[in-house]
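S.K.: I'll drop the sequence and a predicted model, then ask my questions.
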Amino acid sequence: MAFSAQAELSIKLVPEEASRFVYEPFTLILEATSETDMPNVPDGTGYSVTGIFQEPDSGTFRIELIANEAGTLTLPPFDVVTINETVQTPLLRLSVAAPRRAEEMSLSFALSTTHLVIDQPTELIVTWKSDVPFTRCQELQFDLPLLRNSAWEVYSIPPNVPEKERIGLPVNSQRVIAKNSSNELSFSYQLVARREGTFRTDGRINCALMETKRSSSQYPSYFDNHFFNRPDKRDRFERIYLSAALPELTVQALPEAGHTVRYSGIVGRCTATAAINPADTVVGQPMLLTVALKDLPFSRHIQNLPEATLDGLGSEFHITRDPIHIETSENAKVFTYIVRPLRSGLDTLPALTFDTFDPENQTYHTVRTAPLAITVESDGEQTVYTLSRKTDPLIPL
């Protein structure tokens, strides 16, 4: 609404924002046809004036307010003063909205398991459904407090769908890729428990629901889309919110009985194989030992084999403590190490052993690779290899 006073001094007072919300700053634009003093706009019932600023070299003032109540805000007349006259602005009434719960939308969470032990992964699936087009949603804030809890390692899982069915969402201020269907968005995480306890939390959405549908972005939907845009000042929209509770999570400590230094951090099933290349070598020469872990419930949180597993090769082999190469897929992990035989005449690379934990039976299991046949010849007259204390750092493949 714009108001003008009928006098030699003409003024206009108009709100800059088309949509105004409780506790969110908004601005009134005061324009005068003559040079005026800085207006005095006092606080009133249901609102506070937070600042008055004059545009450089103009008769335009910006009056910033914050409404403390939803409903109709009434701004009483105030004086606009020049050298020769004083004019009052007319009474101004503005509608102020409050965020509302989005009845046309739903939010749900599913967990693959809710009773875990430390190191055990669980999959979190988040589903957001809407009866209105998602393209009407701007300035999305998707908050999942559980993902910020240091008791959990969090890994985002991209959906296994074509690019055209993907879309980016701002979740905890980070871009997450979701599966996009006509009226449903879904995305998932693998959560790995790192501390025992009981965890109760929820998830929350709030956004600006535009009055009309916006056109799609010219960029790929996972890179730039309406969820990351802010409404323009003249856009009409509602502030909406939605929340839902996550299922309660209970995490127990691993049992002490049966826990050894060979425990690998793997909870669940696992198979392991090993390969050596070359199998025929001379004493002291490097061989590449590849250890493949397969059928894992999840693999990205497994960083290395236990030190005790590597020491299981015995005193006649030297193996790098850290792998020089790691390959990761969703349910498999492959480590490559450098092994040197320390004497000639060796014909077997011993089996590697490590422990996993079975959460269903609450017991530890030992996993073994098969021993590998090798041939180690002498290097000329040298039959024993002595490691140098000064070694250059390994460069990852």
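M.R.: The structure has been received and is ready for your questions. Numbers count the residues shown, from 1 in each chain.

S.K.: which secondary structure element contains the nearest residue to residue 387 once chain neighbours are set aside?
M.R.: By the measure of Cβ to Cβ, 6 or more residues apart in numbering, the closest residue to residue 387 outside its immediate chain neighbours is residue 318, 5.8 Å from it. (Each C-beta comes from the backbone N, C-alpha and C, glycine too.) Element membership for residue 318, per DSSP states H and E: strand 317-319.

S.K.: residue ranges in the stretch 201-350 of the chain under the pLDDT threshold?
M.R.: 213-222 (pLDDT under 70).

S.K.: again, only using 90
M.R.: Where the stretch 201-350 of the chain drops to pLDDT under 90, the residues are 212-225, 330.

S.K.: my guess is residue 223 meets residue 167, correct?
M.R.: No: Residue 223 sits out of contact with residue 167 when judged by Cβ atoms under 8 Å, with a separation of 9.9 Å.

S.K.: okay, these two: which has more neighbours?
M.R.: Set residue 223 next to residue 167 and count neighbours by other Cβ atoms under 10 Å: residue 167 wins out with 22 against 11.

S.K.: could you give the mean pLDDT of the helix or strand the more buried one falls within?
M.R.: Applying DSSP H and E as the criterion places residue 167 in strand 166-171. Regarding strand 166-171, the rounded mean pLDDT is 95.

S.K.: next helix or strand past it?
M.R.: Using DSSP H and E, the next helix or strand after strand 166-171 towards the C-terminus is strand 174-180.

S.K.: mind listing what's buried in that next one?
M.R.: Residues of strand 174-180 classed as buried: 176, 177, 178, 179, 180 (neighbour count, 16 or more other Cβ atoms under 10 Å).

S.K.: repeat that for stretch 84-98.
M.R.: Buried-residue list, stretch 84-98, by 16+ other Cβ under 10 Å: 87, 89, 92, 94, 96, 97.

S.K.: repeat for stretch 335-342
M.R.: 335, 336, 337, 339, 340, 341, 342.

S.K.: want to throw these into JSON lines with distance to residue 295 and secondary structure?
M.R.: JSON lines is the format used below for the buried residues of stretch 335-342 (distance: Cβ to Cβ, whole Å; DSSP: H, G, I helix; E, B strand; the rest coil):
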{"residue": "335", "distance to residue 295": "16", "secondary structure": "strand"}
{"residue": "336", "distance to residue 295": "20", "secondary structure": "strand"}
{"residue": "337", "distance to residue 295": "21", "secondary structure": "strand"}
{"residue": "339", "distance to residue 295": "25", "secondary structure": "strand"}
{"residue": "340", "distance to residue 295": "31", "secondary structure": "strand"}
{"residue": "341", "distance to residue 295": "31", "secondary structure": "strand"}
{"residue": "342", "distance to residue 295": "34", "secondary structure": "coil"}
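
S.K.: dump those residues into CSV; add distance to residue 199 as well.
M.R.: Shown next, in CSV, are the buried residues of stretch 335-342 (distance: Cβ to Cβ, whole Å):
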residue, distance to residue 199
335, 32
336, 37
337, 37
339, 42
340, 47
341, 49
342, 49
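
S.K.: hmm, residue 350 is touching residue 310, no?
M.R.: No: with contact defined as Cβ under 8 Å, residue 350 does not count as touching residue 310 (11.2 Å).
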